[in-house]
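A.B. asks: Make a model of this:
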Amino acid sequence: MALRWLLHSACTHVLGCPNPKGSEVQGHSIVAHPNDETAQGVAQSLKTMSGICKEHSKGFQMPLHYPRYTKADYEKMEEWKVDVLLAQYGLRSDGTLDEKRAFAIGTFLWPDQV
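C.D. replies: Numbering: from 1, shown residues only. Modelled structure (predicted):
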């Protein structure tokens with residue numbers, strides 16, 4: 001019981017994954033005595049948490065590297081490329097091409113590079 005609580009707490013607080021009742025993921029198993037209810041409960045918790053955490057990881061993820069473009073690169077960058085760059089960082093790309101370029105320059109360049 002304590003192990004189940006610990007695993008639930010770790011998934012909820014560290015990974016930010018909720019644990020709704022009734023959700024289940026197939027493909028995981030645990031080796032235990034068939035009458036060992038604690039091990040079966042832990043196995044069920046692991047199935048549920050791993051499936052839910054996989055669903056949450058499909059959303060936005062911060063890219064590993066910071067963009068290495070100069071101001072001149074942003075000023076001549078095509079619109080689709082600016083849109084993709086902003087979308088990678090979870091930023092909205094509304095407005096005209098000049099507004100998007102100015103936003104990217106203000107967002108990704110240090111003040112001494114502007």
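A.B. asks: For Gln113, grab the count of nearby residues.
C.D. replies: Neighbour count of Gln113, defined by other C-beta atoms under 10 Å: 10. All C-beta spots, glycine's among them, are computed from the backbone N, C-alpha and C.
A.B. asks: Correct me if wrong: it contacts Ala72.
C.D. replies: No - using C-beta atoms under 8 Å as the test, Gln113 is too far from Ala72 to be in contact (10.5 Å).
A.B. asks: Can you work out which residues contact both of the two?
C.D. replies: Shared contacts of Gln113 and Ala72 (C-beta atoms under 8 Å, 6 or more residues apart in numbering): none.
A.B. asks: helices and strands of this protein: which one has the lowest mean pLDDT?
C.D. replies: helix 37-56 (a mean of 60; mean pLDDT, DSSP states H and E).
A.B. asks: got the buried residues for the helix or strand following it?
C.D. replies: Using DSSP states H and E, the helix or strand that follows helix 37-56 towards the C-terminus is helix 71-76. Residues Tyr74 are the ones in helix 71-76 that count as buried (16 or more other C-beta atoms under 10 Å).
A.B. asks: hmm, who's touching helix 71-76?
C.D. replies: Contact with helix 71-76 is made by Val82, Arg101, Ala104, Ile105, Phe108, Leu109, Gln113, Val114, as judged by C-beta under 8 Å, 6+ apart.
A.B. asks: how near is the nearest residue to the fifth one once chain neighbours are set aside to Lys100?
C.D. replies: Spelled out, that is Phe108. Using C-beta to C-beta, 6 or more residues apart in numbering and skipping residues adjacent in sequence, the residue nearest Phe108 is Pro67, 4.9 Å away. Pro67 sits 14 Å away from Lys100, going by C-beta to C-beta, to the nearest Å.
A.B. asks: Right, I'll call it a day here.
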